[in-house]
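J.: got a sequence here, can you build the structure:
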Amino acid sequence: MFGYFCVMITDETIIALSTPPGIGAIGVIRLSGKEAISITNSVFSGKDLLQQESHTIHFGMIKDGNVIIDEVLVSLFIAPKSYTKENVVEISCHGSNYIIQQIISLLIRKGASAAKPGEFTLRAFLNGGLDLSQAEAVADLISSDSQAAHSVAMNQLRGGFSTELNQLREKLIHFASMIELELDFAEEDVEFANRDQLQALIDQITLVINKLIRSFELGNVIKQGINTVIAGRPNAGKSTLLNALLNEERAIVSEIAGTTRDTIEEVLNINGINFRLIDTAGIREAKDAIEIIGVEKTMEKISQSAVLVYLFDVINMSASEIKEDIAKLYKPGVAFLAVANKMDLTYNDRLAELDLPKDINFIAISAKENRQIDDLKQMLYETAVGDQLSDSHTMVTNIRHVEALQKTQHALAQVSNGMVNPVTSDFLATDIKQALYYLGEITGQVTTDDLLENIFSKFCIGK
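T.: Presented below is the predicted three-dimensional model:
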């Protein structure tokens, strides 16, 4: 589909609604292509749009023959000074579905074609306005629902990720060219590429790639939200804690053990990060079929969590019971936070008396009395994020990028092996080309039709 589409893309003027569908104050209809201005001009009653300058706005009417459809504002962006690097027109009309469809239908009759999902951004990429990772950041920016997700997407859209990769790629290209030169002088047995310098560069690139791959763990949860499971025994106060964190009565609170049979999920924003809080059924020997399902769901959610909040009743549980729960719930790679609840009913030094594991983060709260809840929120943030977020910190949020980085990593390891166990220059050149290929896949120096279709088909229409 996209193979043919990519060849033909510059021959058509495309049109789509760029604002969300539905009734609103205004709707914005966007056209892009060589004939975008002339097609619009053919139905516009006002100034001659063909004689106007770029980045100007003009008031007038859209007319179908003698019938006025709407009064509009028309914004002009003349190539190459536009998002797609083509002529772009944006028509701001009243937000009636009828009016919007009438205008789009009229402009299609005049020669425009309905845009496919992501086609405007695809044109921006194909015309050199964005690289591929920046184009993907556009979709991330549109779907961002927290300050952190917005910041990460903006950094990528502004080229932070691309700049770092391109600098490494240029250095690697230099060595690739030197080794290619060696192949031209193979009979003379000369080396133009200093092997020690090449190994130093590989070490440098590998260090950066490792950092980027590790950043995906945080970058992905920022993009998707951090799965945070609240687990513990019945009547530990899990539902009370959920209500206290959300500052609303979201979960039913009861003294009857086993009240929560199913999971309850809500989103809590802490310092710009979305935590997807999941209140679970109490962990105990289930007494009926429904409770069995609830406990099974609890264990499933725990296995999928990025942060696990283990809540225990500091009054009624012994140290051995708490340690037994921790041993059962703790999973490598999952941030673990133990929370002692009901401290309003006991002494503050109770935790010291319990002699609990020193390598687990503990905090004492009273969910019922709303004590230490702000401190718990801050500890949640520090446990999940810490100081890893900064404007200068490049973060990977896309699984496609991670897979390409891992393949690059493998190819570079092959280059290193080829220098430790000497191979001929043509083998080294092949492995370096593989590394360059995978790096190029991220930013779009290397693309396939299937890759482009997979990426841009997920965009909304009109972007």
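
J.: please count neighbours and contacts with C-alpha atoms only from this point.
T.: Noted.

J.: count of neighbours near residue 364?
T.: 24 (other C-alpha atoms under 10 Å).

J.: one more: residue 449?
T.: Residue 449: 13 neighbours (other C-alpha under 10 Å).

J.: do the one 3 residues further on as well
T.: Neighbours of residue 452 under the rule other C-alpha under 10 Å: 16.

J.: quick one: it from residue 459, how far?
T.: Distance of residue 452 to residue 459, computed by C-alpha to C-alpha, to the nearest Å: 11 Å.

J.: cool, and residue 151?
T.: Residue 151 is 20 Å from residue 459, where distance means C-alpha to C-alpha.

J.: more neighbours: the two, which one.
T.: residue 459 (21 against 17).

J.: helix, strand or coil: sort out that one for me.
T.: With DSSP: H, G, I helix; E, B strand; the rest coil as the basis, the three-state label of residue 459 is coil.

J.: quick one, strands of this protein?
T.: Taking DSSP state E to define them, one finds strands in the chain at 14-17, 24-32, 44-45, 56-64, 67-77, 88-95, 113-114, 226-231, 264-270, 273-279, 307-313, 335-341, 361-364.

J.: next, format these as JSON lines and append mean pLDDT and distance to residue 434.
T.: JSON lines is the format used below for the strands of the chain (pLDDT from 0 to 100; distance: least, C-alpha to C-alpha, whole Å):
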{"stretch": "strand 14-17", "mean pLDDT": "94", "distance to residue 434": "37"}
{"stretch": "strand 24-32", "mean pLDDT": "93", "distance to residue 434": "36"}
{"stretch": "strand 44-45", "mean pLDDT": "96", "distance to residue 434": "53"}
{"stretch": "strand 56-64", "mean pLDDT": "96", "distance to residue 434": "47"}
{"stretch": "strand 67-77", "mean pLDDT": "96", "distance to residue 434": "40"}
{"stretch": "strand 88-95", "mean pLDDT": "96", "distance to residue 434": "38"}
{"stretch": "strand 113-114", "mean pLDDT": "93", "distance to residue 434": "39"}
{"stretch": "strand 226-231", "mean pLDDT": "86", "distance to residue 434": "35"}
{"stretch": "strand 264-270", "mean pLDDT": "84", "distance to residue 434": "42"}
{"stretch": "strand 273-279", "mean pLDDT": "85", "distance to residue 434": "37"}
{"stretch": "strand 307-313", "mean pLDDT": "88", "distance to residue 434": "37"}
{"stretch": "strand 335-341", "mean pLDDT": "87", "distance to residue 434": "36"}
{"stretch": "strand 361-364", "mean pLDDT": "83", "distance to residue 434": "44"}
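
J.: any chance of those in a markdown table, plus distance to residue 435?
T.: Listed next are the strands of the chain as a markdown table, based on distance: least, C-alpha to C-alpha, whole Å:
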| stretch | distance to residue 435 |
| --- | --- |
| strand 14-17 | 37 |
| strand 24-32 | 36 |
| strand 44-45 | 52 |
| strand 56-64 | 46 |
| strand 67-77 | 39 |
| strand 88-95 | 38 |
| strand 113-114 | 39 |
| strand 226-231 | 32 |
| strand 264-270 | 39 |
| strand 273-279 | 34 |
| strand 307-313 | 35 |
| strand 335-341 | 34 |
| strand 361-364 | 41 |
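
J.: between these, which one is closest to residue 246.
T.: strand 264-270 (6.5 Å; C-alpha to C-alpha).

J.: what does that closest one contact?
T.: 146, 245-246, 251, 274-280, 377-378, 381 (C-alpha atoms under 8 Å, 6 or more residues apart in numbering).

J.: repeat that for stretch 320-339.
T.: Counting by C-alpha under 8 Å, 6+ apart, 232, 302-303, 305-312, 356-357, 360-365, 380, 383-384 sit against stretch 320-339.

J.: endpoint to endpoint, that stretch covers what distance?
T.: Terminal residues of stretch 320-339 lie 16 Å apart, using C-alpha to C-alpha.

J.: residues of it that come out buried?
T.: By neighbour count on 16 or more other C-alpha atoms under 10 Å, the buried set for stretch 320-339 is 322, 325, 326, 329, 330, 334, 335, 336, 337, 338, 339.

J.: ok, now stretch 106-118?
T.: 106, 107, 108, 111, 112, 113, 114, 115, 116, 117, 118.

J.: again with stretch 412-422
T.: Using 16+ other C-alpha under 10 Å as the test for burial, stretch 412-422 gives 412, 413, 414, 415, 416, 418, 419.

J.: which residues does the fourth one contact?
T.: Right, residue 415. Applying C-alpha under 8 Å, 6+ apart to residue 415 gives the contacts 428, 431, 432.

J.: next step: these restricted to helices.
T.: 428, 431, 432 (DSSP state H).

J.: quick revisit: wait, which of the buried residues of stretch 320-339 is closest to residue 446?
T.: For the buried residues of stretch 320-339, the minimum distance to residue 446 (C-alpha to C-alpha) is 35.9 Å, reached by residue 334.

J.: quick check: the closest one vs residue 217, distance?
T.: From residue 334 across to residue 217, the span is 11 Å (C-alpha to C-alpha).

J.: same question for residue 19.
T.: 33 Å.

J.: the two: who's more crowded?
T.: For residue 19 versus residue 217, the count of surrounding residues by other C-alpha under 10 Å is larger for residue 19: 17 against 14.

J.: go ahead and confirm the more buried one touches residue 90.
T.: No. Using C-alpha atoms under 8 Å, residue 19 is not in contact with residue 90; the gap is 10.9 Å.

J.: quick check: neighbours shared by those two?
T.: In contact with both residue 19 and residue 90: 28, 29, using C-alpha under 8 Å, 6+ apart.

J.: residue contacts, the residue nearest to the spatial centre of the chain?
T.: The chain has residue 223 as the residue nearest its centroid, 4.0 Å off, counting by C-alpha atoms, centre = their mean. By C-alpha under 8 Å, 6+ apart, residue 223 lies in contact with 140, 144, 149, 397.

J.: who wins for neighbours among these?
T.: Busiest of the contacts of residue 223 [other C-alpha under 10 Å] is residue 397, holding 26 neighbours.

J.: give me phi/psi at it?
T.: With angles defined as degrees, to the nearest 10, residue 397 sits at phi -120, psi 0.

J.: in CSV: the ones in helices among the contacts of residue 415, plus neighbour count.
T.: Formatted as CSV, the ones in helices among the contacts of residue 415 follow (neighbours: other C-alpha atoms under 10 Å):
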residue, neighbour count
428, 23
431, 21
432, 23
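
J.: what about residue 450, distance to residue 457?
T.: 10 Å.

J.: count of neighbours near residue 439?
T.: Residue 439 has 25 nearby residues by other C-alpha under 10 Å.

J.: I'd say it and residue 406 touch.
T.: No. The criterion here is C-alpha under 8 Å, and residue 439 misses it with residue 406 at 9.9 Å.

J.: can you count the residues close to the nearest residue to residue 88 once chain neighbours are set aside?
T.: Spatial nearest neighbour of residue 88, excluding adjacent residues (C-alpha to C-alpha, 6 or more residues apart in numbering): residue 32 at 4.4 Å. Neighbour count of residue 32, defined by other C-alpha under 10 Å: 31.

J.: what pLDDT does the closest residue to residue 462 other than its chain neighbours get?
T.: Distances taken as C-alpha to C-alpha, 6+ apart put residue 18 closest to residue 462, at 4.4 Å, once the chain neighbours are dropped. At residue 18, the model reports a pLDDT of 91.
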